[in-house]
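Participant: Next comes the sequence, and after it the predicted model I'd like to discuss.
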Amino acid sequence: MGEEMEGRAQMHHGPMSEIWELLNEEQKKEVALMKMDMKIQWMEIKIDKMEKMIELKKKSIDDIKKVQEMIKT
């Protein structure tokens, strides 16, 4: 268990480390869950932006193909 605690302590450095030391195990779990939720939300936003960019690129490709067909005929 000592090694596990070391890993967690490394996660929290700077001013947060002082506060982290004051928290009990239950509070530490709650803070870790909050951080996970924030990361997940950030990732979902990033994925959403990437999907929108992919849609724009697909539309651009379709438009270019239409222009190519116009030129050919």
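Facilitator: Yes, it's here. Numbering: from 1, shown residues only.
Participant: so the residue nearest the centre of the chain, which of the three states?
Facilitator: Geometric centre of the chain, nearest residue: Met43, 2.5 Å, by CA atoms, centre = their mean. Assigned by DSSP: H, G, I helix; E, B strand; the rest coil, the conformation of Met43 is helix.
Participant: Return the residues in contact with Val31.
Facilitator: Val31 sits next to 20, 23 when contact means CB atoms under 8 Å, 6 or more residues apart in numbering. (C-beta placed from N, C-alpha, C; glycine too.)
Participant: And it, what's its pLDDT?
Facilitator: Per-residue confidence (pLDDT) for Val31: 92.
Participant: Kindly report the same for Gly2.
Facilitator: We have a pLDDT of 50 for Gly2.
Participant: Stretch 15-24 - what's its average pLDDT?
Facilitator: For stretch 15-24, the per-residue pLDDT averages 85.
Participant: Show me how far it is from its chain's centre.
Facilitator: 24 Å (CA atoms, centre = their mean, to the nearest Å).
Participant: Which positions in it come out as buried?
Facilitator: By neighbour count on 16 or more other CB atoms under 10 Å, the buried set for stretch 15-24 is Trp20.
Participant: For the remainder of this discussion, apply numbering that starts at 53.
Facilitator: All right, first residue 53 from here; so that's stretch 67-76.
Participant: mind saving the C-alpha coords of it as CSV?
Facilitator: Output in CSV follows, covering the C-alpha atoms of stretch 67-76 (Å, rounded to 0.1, in the frame of the first residue of the first chain):
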residue,chain,number,x,y,z
PRO,A,67,-0.2,24.0,-3.5
MET,A,68,-2.7,21.1,-3.9
SER,A,69,-0.3,18.7,-2.2
GLU,A,70,-0.7,20.5,1.2
ILE,A,71,-4.5,20.3,0.9
TRP,A,72,-4.2,16.7,-0.3
GLU,A,73,-2.4,15.7,2.9
LEU,A,74,-5.3,17.0,5.0
LEU,A,75,-8.0,15.0,3.2
ASN,A,76,-9.1,11.6,4.5
